[in-house]
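Novice: just a sequence and a predicted model for now, questions to come.
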Amino acid sequence: MMVLNITIIQDCTMNTPRVSVIKHPLIQHKLTLMRQKESTCATFRTLLNEISMLMAYELTRDLETELVDIETPITTMRSPVIKGKKLVIVSILRAGNGLLNGILELIPNARV
């Protein structure tokens, strides 16, 4: 049985990291497809990549943003960006490495 408990440490000064258990229907569906005996290696990798993108989307939901001035083709405006320094993704052991590609597709500038 595969259980996905994802720990995200949002701030190095936190005494207790936040643990998020994701029970999203799309993730559960894709996990079921991955678990099937007849799933090929390629199918498994594709589904894992999709799951990691869905997880990254869910887990970054509460990132703090700040407004910055930008120039659009029409005018200047204030628009939100992720606040603070660059994000860091820490892969735990081999299992975490499979999640990296999907997360990096959504957050390509994150440090690993």
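Specialist: Arrived safely, thanks for sending.
Novice: the nearest residue to residue 79 once chain neighbours are set aside: which element?
Specialist: Of all residues not flanking residue 79 in the chain, residue 70 sits nearest, at 5.1 Å (CB to CB, 6 or more residues apart in numbering). (C-beta placed from N, C-alpha, C; glycine too.) Secondary structure assigned from DSSP states H and E places residue 70 in strand 65-71.
Novice: list the helices and strands that strand packs on?
Specialist: strand 76-82 (3 or more CB pairs under 8 Å, 6 or more residues apart in numbering; DSSP states H and E).
Novice: output the next helix or strand after the strand it packs on as PDB, nothing but the C-alphas.
Specialist: Using DSSP H and E, the helix or strand that follows strand 76-82 in sequence is helix 93-106. Provided in PDB are the C-alpha atoms of helix 93-106 (Å, rounded to 0.1, in the frame of the first residue of the first chain):
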ATOM      1  CA  LEU A  93      15.700   9.300  -0.200                       C
ATOM      2  CA  ARG A  94      15.100   7.700  -3.600                       C
ATOM      3  CA  ALA A  95      11.200   7.900  -3.400                       C
ATOM      4  CA  GLY A  96      11.300  11.600  -3.300                       C
ATOM      5  CA  ASN A  97      13.500  11.800  -6.400                       C
ATOM      6  CA  GLY A  98      10.500  10.600  -8.500                       C
ATOM      7  CA  LEU A  99       8.500  13.600  -7.400                       C
ATOM      8  CA  LEU A 100      11.200  16.200  -8.400                       C
ATOM      9  CA  ASN A 101      10.500  16.500 -12.100                       C
ATOM     10  CA  GLY A 102       6.800  17.300 -11.800                       C
ATOM     11  CA  ILE A 103       7.400  19.800  -9.100                       C
ATOM     12  CA  LEU A 104      10.200  21.500 -11.100                       C
ATOM     13  CA  GLU A 105       7.900  21.800 -14.100                       C
ATOM     14  CA  LEU A 106       5.700  24.100 -12.000                       C
END
